[in-house]
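J.: Return a 3D structure for these sequence lines:
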Amino acid sequence: MQIRKARVGVVSLGHAVYWPQFDGLKEELSKKSGEFISYFSEKTEVFNVGFVDTVDSAFAIVQECKKLDLDALFLIMSTYVTSAVAAPFAVYLDVPQILVGIQPLDKLDYEHTTTYMQLCNDDICAMPEVAGVYERLGKDMPHFIVAASSETPKIKAQVTLWEKALSAKAAFKYAKIGYLGHTYEGMYDMNTDPTMYTKAFGAHVKMLEMCELAQYVEDVKIGEVNDRIDLIEEMFDIREPSGDPLTDYVKREDLEWSARLSCALDTLVEKNDLTALAYYYKGEGGNLYERIASNLIIGNTLLTSKGIPLAGEADLKTAASMLITNRVGGGASFAEIHPFDVHDDIVLIGHDGPHNITISDNKPIIRKLKKFHGKSGSGISVEFNIKAGPITLLSTSSDRNGNMKLVLAKGESMKGAIPQTGNTNTRCMFDMPVTDFLAKWCAAGPTHHLALGSGDNSEAIKLFAKISHINLEEIK
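T.: Residues are numbered from 1 along each chain as shown. Sure, this is the predicted structure:
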């Protein structure tokens, strides 16, 4: 269950005509790529691909970039360059491309400036030319990072934003998203065309069968069960019944069954090399498949918390929302809108699973539920609210033409009481009356599920949508 890192290339662009005219200029300009690379974190694989100053060298470096299977390319505008050296990257590489113009000096010393000094600070001179040629070639317009080298926080913030967006995009590349069971009957918004899913995100939807999971359940050893119970007892606060008559005592056999299923779920993910999973199975009369499906909440919560998001009710689209939100740094729990509170101007947002306990405000609680409302079976469920502070809501839906779209909002998680019903519930406030927000959210046509993430990751998600060519509507 290794998380795929984004792979980015850094290529410096120069102008070969200058080198015979100015000794040492090429060597000085070549340092700019290394300085820029230092802004990336260990979350990204960065390749310093080379220095391009002629069309021939551009063709050669393009071929190197293809071998590296990059997710994005940063082109360092080291000085003035002709657009001919940039055009091959636009023509032959179908990845987001970013023109980087980081000027060494805040300003020229005008009285003492030499031509050599100006060429060292001509980082943005060719940007309009290069951008215009991308447009003429019918290619995606490049993106831009423009700053003076002294503006370290600004450069770092822009690189970090790119790292987040590219991490989300890279998560879908060569990914297999599991689909186990079937969609909850009657939830039309959950129905998803796997081919359109691949069109939007690039990932393969892998159809899985309950019998495979049932075999893994049978194969789990008692030692694995006991170890998993130890982990559960360490990570969760096991509670007695609350005032809700649906809650019950968590018994040893409940923990054993949830632990066994958690181990089996891990095996399912590993054997199928899954990046995420959407699942639901109704079952009848307490049969084995029903007992399995209704007791996966502990297992899916542990996996989601490790960066392998699981979405309930076989909601493939919300699995995508959770994966995006996770990779941009928001954690992401599976959620839907619950009752609102006009006195405190908040709405409760949560679900009975799956969850990401890394963004919990306190140690998460587990309760036994005698039944899950609207679903068959009984079992252990997880209860918590996410950390107080900024939050991001992301829903993946589809438009009337069958194309995927994203619906985004940001708000605030507020401290306060939540229902003790064995569900997550977060008190969410927005920069408008809560009832106005809810009307606007619904008018955007989202799915009824969403990924609820910690922190304001809206800019990274918007950048992800842009480079993925997915329409996004932000609620404001």
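
J.: Only C-alpha atoms from now on, for both contacts and neighbour counts.
T.: Will do.

J.: same question for whatever helix or strand Ser57 lives in, mean pLDDT?
T.: Under the criterion of DSSP states H and E, Ser57 resides in helix 55-68. Model confidence over helix 55-68, given as mean pLDDT, is 98.

J.: Could you do stretch 209-229 as well?
T.: 97.

J.: which other residues reach it?
T.: With contacts defined as Cα atoms under 8 Å, 6 or more residues apart in numbering, stretch 209-229 is touched by 180-181, 255-256, 259-265, 267-268, 288-289, 292.

J.: ditto for stretch 367-377
T.: Under Cα under 8 Å, 6+ apart, the answer for stretch 367-377 is 238-241, 246-250, 282-284, 286, 290-291, 294, 352, 378-383, 422.

J.: and Ala165, how far is that from Lys173?
T.: Applying Cα to Cα, to the nearest Å, the value for Ala165 to Lys173 is 13 Å.

J.: Those two: which is more packed in?
T.: Neighbours per residue (other Cα atoms under 10 Å) separate Ala165 from Lys173, with Ala165 holding more: 27 against 16.

J.: from what I can see the more buried one touches Ala460, true?
T.: Yes. The criterion here is Cα atoms under 8 Å, and Ala165 meets it with Ala460 at 5.1 Å.

J.: Let me see the ranges of the helices in the stretch 301-450 of the chain.
T.: Counting by DSSP state H, counting those that start in this stretch, the stretch 301-450 of the chain has helices at residues 316-327, 434-443.

J.: Check these for me and report the most buried one.
T.: Counting by mean count of other Cα atoms under 10 Å, helix 316-327 has the highest mean neighbour count of the helices of the stretch 301-450 of the chain, with a mean of 29.

J.: Show only the entries of the contacts of stretch 209-229 found in strands.
T.: 180-181 (DSSP state E).

J.: what about Leu472, which SS state?
T.: strand (DSSP: H, G, I helix; E, B strand; the rest coil).

J.: now the residue nearest to it when sequence neighbours are not counted: how far from Ser321?
T.: Using Cα to Cα, 6 or more residues apart in numbering and skipping the chain neighbours, the partner closest in space to Leu472 is Leu406 (4.5 Å). Distance check for Leu406 against Ser321: by Cα to Cα, it reads 8 Å.

J.: Could I have the buried ones of the contacts of stretch 367-377 as ChimeraX selection syntax?
T.: The buried residues among the contacts of stretch 367-377 can be selected in ChimeraX (16 or more other Cα atoms under 10 Å) with this line:
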select :238,241,246,247,248,249,250,282,283,290,291,294,352,378,379,380,381,382,383,422
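
J.: What about the nearest residue to Leu161 once chain neighbours are set aside, how many residues nearby?
T.: Spatial nearest neighbour of Leu161, chain neighbours left out: Ala460 (5.6 Å); criterion: Cα to Cα, 6+ apart. Using other Cα under 10 Å, Ala460 has 25 neighbouring residues.

J.: ok so Ala460 is a helix residue?
T.: Yes. Remark: Ala460 belongs to a helix, assigned using three-state DSSP.

J.: What sits closest to the residue positioned nearest the centre of the chain if chain neighbours are left out?
T.: The chain has Ile324 as the residue nearest its centroid, 2.1 Å off, counting by Cα atoms, centre = their mean. Once flanking residues are discounted, Ile324 sits nearest to Ala168: 5.0 Å by Cα to Cα, 6+ apart.

J.: Contacts only, for the one you found.
T.: 323-328, 464.

J.: Quick check: the gap between it and Ala200.
T.: In terms of Cα to Cα, Ala168 sits 13 Å off from Ala200.

J.: Also His143?
T.: Taking Cα to Cα, one finds His143 at 21 Å from Ala200.

J.: go on, Ile337?
T.: Ile337 is 25 Å from Ala200, by Cα to Cα.

J.: cool, and Thr304?
T.: 22 Å.

J.: Could you do Thr424 as well?
T.: For Thr424 relative to Ala200 (Cα to Cα), the value is 30 Å.

J.: of those two, who's got more company?
T.: With neighbours defined as other Cα under 10 Å, Thr424 and Ala200 compare such that Thr424 has more, 29 against 16.

J.: what ranges of the stretch 301-450 of the chain fall below the confidence cut-off?
T.: Within the stretch 301-450 of the chain, the segments meeting pLDDT under 70 span 373-375.

J.: got it, and the stretch 151-300 of the chain?
T.: For the stretch 151-300 of the chain, counting by pLDDT under 70, not a single residue falls below.

J.: Can you identify each of the strands in it by residue range?
T.: Taking DSSP state E, counting those that start in this stretch, the strands of the stretch 151-300 of the chain run over residues 176-181, 204-208, 237-238, 247-248, 276-280.

J.: Please work out which of the ones you listed is packed deepest.
T.: Of the strands of the stretch 151-300 of the chain, the one with the most neighbours on average (mean count of other Cα under 10 Å) is strand 276-280, at a mean of 26.

J.: So which elements touch that strand?
T.: With contacts taken as 3 or more Cα pairs under 8 Å, 6 or more residues apart in numbering; DSSP states H and E, strand 276-280 sits against strand 176-181, strand 310-311, helix 316-327.

J.: Relative to Leu208, which of the ones you listed is closest?
T.: With respect to Leu208, and counting by Cα to Cα, the nearest of these is strand 176-181 at 4.8 Å.

J.: Pull the residues that contact the closest one.
T.: 203-210, 272-281, 314, 316.

J.: got the CA coordinates for that strand in CSV?
T.: Backbone C-alpha positions of strand 176-181 (Å, rounded to 0.1, in the frame of the first residue of the first chain) are rendered in CSV as follows:
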residue,chain,number,x,y,z
LYS,A,176,-7.1,0.7,-9.6
ILE,A,177,-10.2,1.9,-7.7
GLY,A,178,-12.0,-1.1,-6.3
TYR,A,179,-15.8,-1.5,-6.6
LEU,A,180,-17.1,-4.2,-4.2
GLY,A,181,-20.8,-5.2,-4.2
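
J.: strand partners of it, parallel vs antiparallel please.
T.: Under the criterion DSSP bridges, strand 176-181 sits next to strand 204-208 (parallel), strand 276-280 (parallel) in its sheet.

J.: What's the separation between Ala72 and Thr301?
T.: 32 Å.

J.: again, but for Ala168
T.: 20 Å.

J.: Distance to Pro96 for the helices of the stretch 301-450 of the chain - can I get that in TSV?
T.: Below are the helices of the stretch 301-450 of the chain laid out as TSV (distance: least, Cα to Cα, whole Å):
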stretch	distance to Pro96
helix 316-327	17
helix 434-443	30
